[in-house]
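S.K.: need a structure here:
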Amino acid sequence: MLKKVYGSAVFGIEATTITVEVNIAKGIGYHLVGLPDNAIKESNYRIAAALQNNEYKIPGKKLTINMAPADLRKEGSSYDLTLAIGILAASDQIKSENLEKYVIMGELSLDGSLQPIRGVLPIAIKAREEGFKGFILPKQNAKEAAVVNNLEVYGVENIKQVINFFDKGEPLEQTIIDTRAEFLNNLAFPEFDFSDVKGQESIKRCMEIAAAGGHNVILIGPPGSGKTMLAKRLPSILPPLTLQEALETTKIHSVVGNTKHKSGLISERPFRNPHHTISDVALVGGGSYPQPGEISLAHNGVLFLDELPEFKRSVLEVMRQPLEDREVTISRARFTITYPSSFMLVASMNPSPSGFFNDPNSPMGASAMEMHRYMGKISGPLLDRIDIHIEVTPVPFEKLSEERKGETSETIRKRVIKAREVQIERFKDSEILHSNAQMNTKQIRKHCKLDKEALNLLKNAMERLGLSARAYDRILKVARTIADLGNEPNILPDHIAEAIQYRSLDREGWLG
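M.R.: Numbers count the residues shown, from 1 in each chain. As a prediction, this is how the structure comes out:
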């Protein structure tokens, strides 16, 4: 007898429905086809034990299972429950009238209990698109799937519950979530706050500008000057995630099984801080069975690269295309996967290997040659994609010992949100533009027009400070953001003057 049960496979961050066809015929044997990986091939041992411990069994006949479409690679242990229910239905051990209405997924333990699986949110979205009535899955994943409306989601703890649901009509408890209400209730304010930072008012201003325009930023300063502390507090002044952004972000984290939150949706902007020993595959994504990398996990959030020159040059170079296109494409012989990667890059570095170049108060100096060699680890094209360069100086004792707290992140965030609203209105006719940092040359010419005084100031600055040509567009974009923060429709000379300060690494003679 032939029966069909439905599961799903995730490729990139999109799901594809998998039809599991189970056929029982005369003879003996167990044949699983349709490009399953080793985890799926081993499932017959888990299924046999789980059924036996719940008073059912795999029939002693010729069992052929096909996972269609047969030319797509299937991986992972999440098909255990799908295969088990298909075997029981094909062998007439349970009724099968309603099987075609449900997507069934879950990893089985030997006692029949269910373990959580990955990629639940994309699977639920696909199930709703294809008209399935419900989704049966492990209870630990139920809230994540219930984010999708117009789909019945049943979280179960044991295969026995699923068997009784189909065979005896025993009801399962449906997981229901008001997605919008839950999301708004769980919009927690980030743990780190700018009020904890003593002094560094100019750097705080720089971070505010970066947040307001979505600009990439690099912090240059000696150890202990507060670079990491400032970077960790950047998410606290970014605008809160929208519901759409939260869904996009949760889909990516769902694929890697990183969705441990109460509401089922990620409610805070991601902050990813990979170690400098990371490989290029781990950073951008990939592998034999491609998975999202750190730059995709930072989508709609912040990617912080501490001690930038310590990263391997090959690792940094693979970031150039994602920084420009805000997505990363991974190609294999059989398929191509695209992951979104719209993130803010925040990098930090010491000005020299010792960290104390040109510091007269430090005994650990560095020569100009050592510094050139150290800075040479970062390529020009990568620096070209970083709008703001800022030098961070150590905080004096008088500032550290002050009891008065600085401006809170909540106050700064209000100004950032107002500036972002101006940009949303400016780019309302574009589907891909959301912030000033995303403008290309054509859009810069349209939205960053200068009067004669501002133009002369920029010209003189580029000539006298030796600013490179690549700094020109970056200064205009940053100046546009500074104007937005001041609610100014036009870019004024003051805005240009401030933006010029944020191009330290482009100045001739910066290396001493």
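S.K.: show me what contacts the residue nearest the centre of the chain?
M.R.: Compute the mean C-alpha point of the chain, and by C-alpha atoms, centre = their mean the closest residue is residue 297, 2.5 Å away. Listed by C-beta atoms under 8 Å, 6 or more residues apart in numbering, the contact set of residue 297 reads 252-253, 256, 258, 270, 272. Bear in mind the C-beta positions are built from the backbone N, C-alpha and C, glycine included.
S.K.: so where's the longest strand in this structure?
M.R.: strand 14-25 (DSSP state E).
S.K.: Starting from the next helix or strand after that strand, tell me which strands it pairs with and how they run.
M.R.: The helix or strand immediately downstream of strand 14-25 is strand 29-33, counting by DSSP states H and E. Using DSSP bridges, the strands paired with strand 29-33 are strand 62-68 (parallel).
S.K.: Can you show me the CA trace of the partner strand as CSV?
M.R.: Output in CSV follows, covering the C-alpha atoms of strand 62-68 (Å, rounded to 0.1, in the frame of the first residue of the first chain):
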residue,chain,number,x,y,z
LYS,A,62,9.6,-4.7,1.7
LEU,A,63,9.5,-1.1,2.6
THR,A,64,10.4,1.5,-0.1
ILE,A,65,10.4,5.2,0.9
ASN,A,66,11.0,8.0,-1.6
MET,A,67,11.6,11.6,-0.7
ALA,A,68,10.4,13.7,-3.6
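S.K.: so that strand versus strand 14-25, what angle?
M.R.: Interaxial angle, strand 62-68 versus strand 14-25 (axes from the mean of the first three to the mean of the last three C-alpha atoms, to 10 degrees): 160 degrees.
S.K.: just to revisit the earlier point, ramachandran angles for the residue nearest to the centre of the chain?
M.R.: For residue 297, the backbone dihedrals (degrees, to the nearest 10) come out as phi -70, psi -20.
S.K.: same check, this time on residue 127
M.R.: phi -60, psi -40.
S.K.: Neighbours of it, how many?
M.R.: 25 (other C-beta atoms under 10 Å).
S.K.: Report the mean per-residue pLDDT for stretch 194-213.
M.R.: Mean pLDDT, stretch 194-213: 90.
S.K.: oh sorry, the question was meant for stretch 336-351
M.R.: Stretch 336-351 comes out with an average pLDDT of 91.
S.K.: buried residues in it?
M.R.: Buried positions in stretch 336-351, judged by neighbour count with 16 or more other C-beta atoms under 10 Å: 337-351.
S.K.: Find the nearest non-adjacent residue to residue 265, please.
M.R.: Of all residues not flanking residue 265 in the chain, residue 246 sits nearest, at 4.8 Å (C-beta to C-beta, 6 or more residues apart in numbering).
S.K.: check contacts around the one you found.
M.R.: Taking C-beta under 8 Å, 6+ apart, one finds 183, 265-267 in contact with residue 246.
S.K.: need the helix or strand of this protein with the lowest average pLDDT.
M.R.: helix 397-400 (a mean of 68; mean pLDDT, DSSP states H and E).
S.K.: Tell me the secondary structure at the residue nearest to residue 265.
M.R.: helix (DSSP: H, G, I helix; E, B strand; the rest coil).
S.K.: so where's the stretch 51-200 of the chain shaky on pLDDT?
M.R.: 186-189 (pLDDT under 70).
S.K.: Count the residues that sit near residue 432.
M.R.: Residue 432: 9 neighbours (other C-beta under 10 Å).
S.K.: Can you pull the phi/psi pair for it?
M.R.: Dihedral angles for residue 432 - degrees, to the nearest 10 - are phi -100, psi -20.
S.K.: Would you mind confirming that it is in contact with residue 438?
M.R.: Yes. Judged on C-beta atoms under 8 Å, residue 432 makes contact with residue 438 at a distance of 7.2 Å.
S.K.: Low-confidence bits of the stretch 401-512 of the chain, can you list those?
M.R.: 401, 506-512.
S.K.: which stretches of it form helices?
M.R.: 409-426, 441-447, 452-465, 470-485, 493-500 (DSSP state H, counting those that start in this stretch).
S.K.: These into TSV, with extra columns for distance to residue 135?
M.R.: Formatted as TSV, the helices of the stretch 401-512 of the chain follow (distance: least, C-beta to C-beta, whole Å):
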stretch	distance to residue 135
helix 409-426	35
helix 441-447	42
helix 452-465	57
helix 470-485	43
helix 493-500	51
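S.K.: ranking those by burial, who's on top?
M.R.: helix 470-485 (a mean of 24; mean count of other C-beta atoms under 10 Å).
S.K.: got a pLDDT number for the residue nearest to the centre of the chain?
M.R.: At residue 297, the model reports a pLDDT of 95.
S.K.: and it, how far is that from residue 252?
M.R.: 6 Å (C-beta to C-beta, to the nearest Å).
S.K.: likewise residue 475?
M.R.: Taking C-beta to C-beta, one finds residue 475 at 33 Å from residue 252.
S.K.: And for residue 204?
M.R.: 30 Å.
S.K.: Give me the more crowded residue out of those two.
M.R.: More crowded of residue 204 and residue 252, by other C-beta under 10 Å: residue 252, with 26 against 19.
S.K.: Which positions within the helix or strand hosting the more buried one qualify as buried?
M.R.: Assigned by DSSP H and E, residue 252 falls within helix 243-255. Buried positions in helix 243-255, judged by neighbour count with 16+ other C-beta under 10 Å: 245-255.
S.K.: next one: stretch 77-92
M.R.: Those buried within stretch 77-92 under the rule 16+ other C-beta under 10 Å are 77-91.
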